[in-house]
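Undergrad: I'll drop the sequence and a predicted model, then ask my questions.
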Amino acid sequence: MTAPPLQGLAPIAPRHARMLVLGSFPGTASLVAQQYYAHPRNQFWPILGALWGIDLAAMRYAARVAEAKRRGLAIWDVYAACRRDGSLDSAIEDARPNDLAGLVSRLPHLAAIAHNGGESARAMRVTCSLGLSVHRLPSTSPANASWSFERKLAAWRAVFEAAGLE
């Protein structure tokens with residue numbers, strides 16, 4: 001018997017968002033917690049905290065989300081649902097895409113989309129057609145151990161500065 005597909009998370013999308021960060025699909029820890037980037041070794045929240053000069057990782061999830069929204073950052077995933085054992089992007093099967101064009105159409109101030117990692121970046125053919133600046137960022141996943149925190153931070157900083165989200 002085939003397991004039912006896993007369902008992703010709803011977007012974090014303030015109407016005034018200027019940039020949308022797209023992951024691929026939430027990992028197991030995120031699905032269990034119903035929180036974006038919930039794995040303790042994922043560097044997403046520490047990177048944002050370093051960019052903004054605050055300790056986001058030490059905050060409760062609701063406060064992290066509120067800070068991201070306040071600063072004009074939207075967060076979602078490329079896939080709405082998939083089948084997968086574990087959390088690795090390489091194990092994603094039967095992926096169903098999210099309605100990225102629909103979300104973008106509801107965010108009138110959006111100027112940029114940033115793909116968090118290679119699997120997310122596979123959707124660049126879709127996001128590049130939406131008339132916004134599109135960037136590929138190094139994955140914040142603990143599976144991306146070949147990039148140091150400092151190297152990831154520098155890449156993320158360049159994109160965030162260009163979008164005015166520093």
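TA: Perfect, thanks for sending it.

Undergrad: how about Ala74, what does it touch?
TA: Residues near Ala74 by CB atoms under 8 Å, 6 or more residues apart in numbering: 11-14, 17, 19-21, 103, 107, 110. The way it works is simple: take the backbone N, C-alpha and C, and place the C-beta from them, glycine included.

Undergrad: run the last query once more with 10 Å
TA: By CB atoms under 10 Å, 6 or more residues apart in numbering, the contact set of Ala74 is 11-22, 68, 103-104, 106-107, 110, 113.

Undergrad: Then Ala155?
TA: So Ala155 contacts 47, 114, 135-138, 147 (CB under 10 Å, 6+ apart).

Undergrad: tell me how far the helix or strand where Ala154 lies is from the chain's mean position?
TA: For Ala154, the host element (DSSP states H and E) is helix 149-162. What separates the centre of helix 149-162 from the centre of its chain is 14 Å, taken as CA atoms, centre = their mean, to the nearest Å.

Undergrad: buried set for it?
TA: 152-153, 155-156, 159-160 (16 or more other CB atoms under 10 Å).

Undergrad: same check, this time on stretch 54-61
TA: Within stretch 54-61, the residues scored as buried using 16+ other CB under 10 Å are 56-57.
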